[in-house]
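> Have a look; sequence and predicted model below, questions after that.
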Amino acid sequence: IETDIKPAQIRVDRESLMHIFMNLLDNAIKYNIKGGTVHVSCSVEGDKAVIMFRDTGIGIPPEAVVKLFEPFFTVSKDRARLTGGTGLGLSLVKRLVEVQHGSITLELPPSGSGSIFKVEFPLASPGTVKPLQA
């Protein structure tokens, strides 16, 4: 796992954020190839925090992209049986992201292997985030 994290202040529910991140990270690891890489990054682009989960895994067929966030959809029934997937994880992640006023998209690398999940949240307005007390 590689990281490139730039600080960004967002207003989101901590439990929801943990669930979102754990699901995307778990998928990136679970569907990766042996010896593969997972890269997690966070950056600020305009008025949004952009968090990306990129893996070098087995990839997702382009025709599956439109249904990927639907409840009970799995790319492969055989793969779901092997990994114990129910097809609910990404639909729940999408809902949790949207409730936090964010968006999630999937980008497919031109190589056809791996996937890139991009999560965007609006930055917190100045004065809405209290600094941590030491």
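That came through, no problem. What you see is a predicted model; the values in this text were computed from it and never measured. Numbering: from 1, shown residues only.
> Mind listing what's buried along the helix or strand where residue 26 lies?
Per DSSP states H and E: residue 26 is located in helix 14-30. Of the residues in helix 14-30, 16, 17, 20, 23, 24, 25, 27, 28 count as buried by neighbour count, 16 or more other Cβ atoms under 10 Å. In short, each C-beta sits where N, CA and C put it, glycine included.
> Among those, which one lies nearest to residue 8?
Within the buried residues of helix 14-30, proximity to residue 8 (Cβ to Cβ) peaks at residue 17, which comes in at 12.0 Å.
> Now for the closest residue to the closest one other than its chain neighbours: which residues touch it?
Among residues not flanking residue 17 along the chain, residue 100 sits closest, at 7.4 Å (Cβ to Cβ, 6 or more residues apart in numbering). For residue 100, the residues meeting the contact criterion (Cβ atoms under 8 Å, 6 or more residues apart in numbering) are 10, 12, 13, 16, 17, 121.
> Okay then, goodbye and thanks.
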